[in-house]
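>>> Structure of the sequence below:
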Amino acid sequence: EHMTPVVLLTDGYIANGSAPWKIRKVEDLPEIKTRLVKEGKEDWHPYNRDEITLARDWAVPGTPGLEHRVGGLEKDAGTGNVSHVPQNHEVMTQVRAEKVRRVQSFIPELVPEFASEGDLLIIGWGGTYGSLHTAAKQLYDEGFRNIGFAHFNYINPLPKNTEELFSKFKKI
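Numbering: from 1, shown residues only. Modelled structure (predicted):
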């Protein structure tokens with residue numbers, strides 16, 4: 001949907017865990033909007049980008065009237081032709097980084113459990129969820145109401161409100 005690489009990180013806690021998982025039905029999952037161009041689209045160029053996401057529309061290679069050069073070599077930002085110019089590579093690298101950053105607008109914000117501000121925010125990601133959540137809940141139940149817990153599901157980009165949430169705690 002955003003035309004960016006995706007890396008799924010997992011670990012031994014998840015692989016060897018015994019917690020039940022609710023597997024959602026495919027029809028209950030949100031729609032993934034593809035950016036495939038259909039035959040005969042006027043003014044389509046493979047190097048044009050969406051103004052909001054910076055993603056490009058893709059044409060299936062060989063589609064009549066939408067043929068273009070495909071490959072892993074750097075392309076010129078303005079023409080889509082292969083380019084070996086260092087300044088163009090720098091521009092394209094910055095555009096790709098900005099495209100990933102803009103995904104922040106489409107992922108959920110980081111929502112803390114227990115305290116939403118205070119002395120300590122316990123954070124984690126992946127398989128550490130269970131042990132960290134249990135520790136934070138135990139402290140909360142023992143009366144430490146100034147401790148929060150936040151669990152990351154997205155790490156690049158981080159949720160938009162990460163810095164704001166961190167600023168509400170004395171220690172992370």
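
>>> ok, which stretches of this structure are helices?
For the chain, the helices defined by DSSP state H occupy 12-16, 86-101, 129-141, 162-166.

>>> Adding distance to Asp57 and mean pLDDT, write these out as JSON lines.
(C-beta placed from N, C-alpha, C; glycine too.) Converted to JSON lines, these look like this (distance: least, C-beta to C-beta, whole Å; pLDDT from 0 to 100):
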{"stretch": "helix 12-16", "distance to Asp57": "35", "mean pLDDT": "78"}
{"stretch": "helix 86-101", "distance to Asp57": "14", "mean pLDDT": "95"}
{"stretch": "helix 129-141", "distance to Asp57": "37", "mean pLDDT": "95"}
{"stretch": "helix 162-166", "distance to Asp57": "31", "mean pLDDT": "98"}
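
>>> With Glu67 as the reference, name the closest of these.
helix 86-101 (22.0 Å; C-beta to C-beta).

>>> Who are the contact partners of Phe106?
Phe106 is in contact with His2, counting by C-beta atoms under 8 Å, 6 or more residues apart in numbering.

>>> Residues contacting the helix or strand of the chain with the lowest mean pLDDT, please?
Ranked by mean pLDDT, DSSP states H and E, the weakest helix or strand in the chain is helix 12-16, scoring a mean of 78. Applying C-beta under 8 Å, 6+ apart, the external contacts of helix 12-16 come out as 126-128, 130-131.

>>> ok so, going back, can the helices of the chain go into TSV with extra columns for mean neighbour count and distance to His68?
Converted to TSV, the helices of the chain look like this (neighbours: other C-beta atoms under 10 Å; distance: least, C-beta to C-beta, whole Å):
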stretch	mean neighbour count	distance to His68
helix 12-16	11	40
helix 86-101	13	16
helix 129-141	15	44
helix 162-166	15	38
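
>>> For burial, what's the neighbour tally of the closest residue in space to Glu113 that isn't next to it in sequence?
The shortest distance from Glu113 to any non-neighbouring residue, by C-beta to C-beta, 6 or more residues apart in numbering, is to Phe149 (4.7 Å). The tally of other residues near Phe149 (other C-beta atoms under 10 Å) stands at 22.

>>> is Phe149 in a bridge, and if so with what?
Beta bridges link Phe149 to Glu113, Ile122, judged by DSSP bridges.

>>> Can you give me the distance of it to Thr162?
Using C-beta to C-beta, to the nearest Å, we find Phe149 at a distance of 14 Å from Thr162.

>>> Give me the neighbour count for the spatially closest residue to Met3 that is not a sequence neighbour.
Nearest non-adjacent residue to Met3, counting by C-beta to C-beta, 6+ apart: Ala55, 3.9 Å away. As a burial measure, Ala55 scores 17 neighbours (other C-beta under 10 Å).

>>> I appreciate the help and will end here.
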